[in-house]
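Peer 1: Give me coordinates for this.
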Amino acid sequence: MLVPRLRIKTLVRVNGTPAYLAGITGSRISLHNAVEWFTDSRIDEYVKSLAKLLERVRAGQYSQREMEQEVFILHTNRFGEVKRTADRPQNEALYEQMIRQLEKPVYHGISGAVTFLNTLRARRETFGTLSVLDQVRVLMQIVKFLKCNAEKADLTLLGEGANCGSLLINQKIADVDFCIIHQSVCGLDVREQKV
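Peer 2: Modelled structure (predicted):
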């Protein structure tokens, strides 16, 4: 089927994986992730706290010695009791949770997502040897990949590239299961058009 024009940010399904069209780079079509990572409130709060921790580090609120500590206090109650911390076991558990998310079949349609997953699996030991603060930095980069936007993950701390997670497919989509997903404005009516 011939489609006269596809706009950027069109929702498509490539081999069963939802993605947004981002543009053309050379002979390839660039895509953005369209699979939102839904977590429970405990993980949500932990990730938000990690983001705030990195903001404090960028603002210079920690000395060099403090940035090397094994436990960061993220939240206390009004009595000064520690309610949330960032430490190595929690970081490693979140890393494994992210790997389990990427192992879901919905990500397997685009080779870039599979490559990203294989990179995280291969670098488990490297992640375990990083300082707690560097682990937090890596986790927040993986969160960038899992969000539905154009950000790529900087995995240089794991010995990988600064732009990991590029989702690209060949412009010749004859050998790909490719569908355009048309949604009504409110999202209640969904229609798929096979290409």
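
Peer 1: which SSE is residue 172 in?
Peer 2: Secondary structure from DSSP states H and E places residue 172 outside every helix and strand.

Peer 1: Report the contact partners of it.
Peer 2: By C-beta atoms under 8 Å, 6 or more residues apart in numbering, the contact list for residue 172 is empty. Every C-beta, even on glycine, is put in place using the N, C-alpha and C of the backbone.

Peer 1: Which phi and psi values does residue 147 adopt?
Peer 2: Dihedral pair for residue 147: phi -80, psi 160, per degrees, to the nearest 10.

Peer 1: same question, the one 4 residues further on
Peer 2: With angles defined as degrees, to the nearest 10, residue 151 shows backbone torsions of phi -70, psi 140.

Peer 1: Please tell me how far the closest residue to it other than its chain neighbours sits from residue 175.
Peer 2: Of all residues not flanking residue 151 in the chain, residue 144 sits nearest, at 4.1 Å (C-beta to C-beta, 6 or more residues apart in numbering). As judged by C-beta to C-beta, to the nearest Å, residue 144 and residue 175 stand 30 Å apart.

Peer 1: who's in contact with the closest residue in space to residue 165 that isn't next to it in sequence?
Peer 2: Leaving aside its sequence neighbours, residue 165 sits nearest to residue 145 (C-beta to C-beta, 6+ apart; 4.1 Å). Contact partners of residue 145, counting by C-beta under 8 Å, 6+ apart, are 33, 116, 151-153, 164-165.

Peer 1: Would you map the helices across this structure?
Peer 2: Counting by DSSP state H, the chain has helices at residues 41-58, 88-102, 111-122, 124-129, 132-146.

Peer 1: now those helices in JSON lines, with mean pLDDT and distance to residue 21?
Peer 2: Shown next, in JSON lines, are the helices of the chain (pLDDT from 0 to 100; distance: least, C-beta to C-beta, whole Å):
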{"stretch": "helix 41-58", "mean pLDDT": "93", "distance to residue 21": "28"}
{"stretch": "helix 88-102", "mean pLDDT": "96", "distance to residue 21": "21"}
{"stretch": "helix 111-122", "mean pLDDT": "94", "distance to residue 21": "14"}
{"stretch": "helix 124-129", "mean pLDDT": "96", "distance to residue 21": "32"}
{"stretch": "helix 132-146", "mean pLDDT": "95", "distance to residue 21": "18"}
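
Peer 1: Give me the pLDDT for the closest residue to residue 131 other than its chain neighbours.
Peer 2: Computed as C-beta to C-beta, 6+ apart, the closest residue to residue 131 that is not its neighbour in sequence is residue 68, at 6.2 Å. Per-residue pLDDT puts residue 68 at 89.
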